[in-house]
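> predicted coordinates and the sequence they were generated for:
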Amino acid sequence: MYWQQRFDCPNKDKSIEEAIKSIFKESKEAYGYRRVTAMLRKHGFIVNQKKVRRLMKKLNLKCVSFTRKYNSYKGNVGTVAPNRIKQRFSTKIPYQKITTDTSEFKIYTTNTSGKVVIKKAYFDVFLDMYNGEVLSYRMSERPNA
């Protein structure tokens, strides 16, 4: 039968498979099919990316993917005010040092059609550092103290 004869024929891709294995091993399993294809072309093989993908799948070669650690730093955004208090929060004179703090809250409200809408609310507080007294506070939908 024809399918039995197909098993007897030699593997055409034997040399490419060996090259793929060696390139993959040299890269410490870091190269995927695109880089392996580029390296094969440097070594003189004329091969398509689809063929390399198929052969790597057949040989069960999967590259190790590295994920970058999250970093939220965006550089200097805006101007930074000079540090005039320098960690000296207590004072003996009233109204000499006044601080502010803004807190953000979620508020669940219903609109005119009865659907629940999530809004943000901002709570601004002004404190006197002399005795910790709340001088003023304000609640608004925008962070504009």
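Received, thanks.
> centre-most residue in the chain?
The geometric centre of the chain, computed from its C-alpha atoms, lies nearest to Tyr70 (Cα atoms, centre = their mean), at 5.2 Å.
> wasn't that one part of a helix?
No - the assignment for Tyr70 (DSSP: H, G, I helix; E, B strand; the rest coil) gives coil, which keeps it out of a helix.
> phi first, then psi, for it.
Per-residue torsions, Tyr70: phi -70, psi 130 (degrees, to the nearest 10).
> contacts made by stretch 38-45 with the rest, please.
Ile16, Ala19, Ile20, Ile23, Tyr31, Val47, Val52 (Cβ atoms under 8 Å, 6 or more residues apart in numbering). Every C-beta, even on glycine, is put in place using the N, C-alpha and C of the backbone.
> circling back: quick one: the residue nearest to the centre of the chain from Ile85, how far?
From Tyr70 over to Ile85 the distance is 32 Å, taken as Cβ to Cβ, to the nearest Å.
> what of Lys115?
Here Lys115 is placed at a distance of 46 Å from Ile85 (Cβ to Cβ).
> the more surrounded of those two?
Neighbour totals were compared for Lys115 and Ile85, and Ile85 leads with 11 against 8 (other Cβ atoms under 10 Å).
> which residue is the nearest non-sequential neighbour of that one?
Counting by Cβ to Cβ, 6 or more residues apart in numbering, Ile85 lies nearest to Lys97, which is 6.5 Å off, once chain neighbours are set aside.
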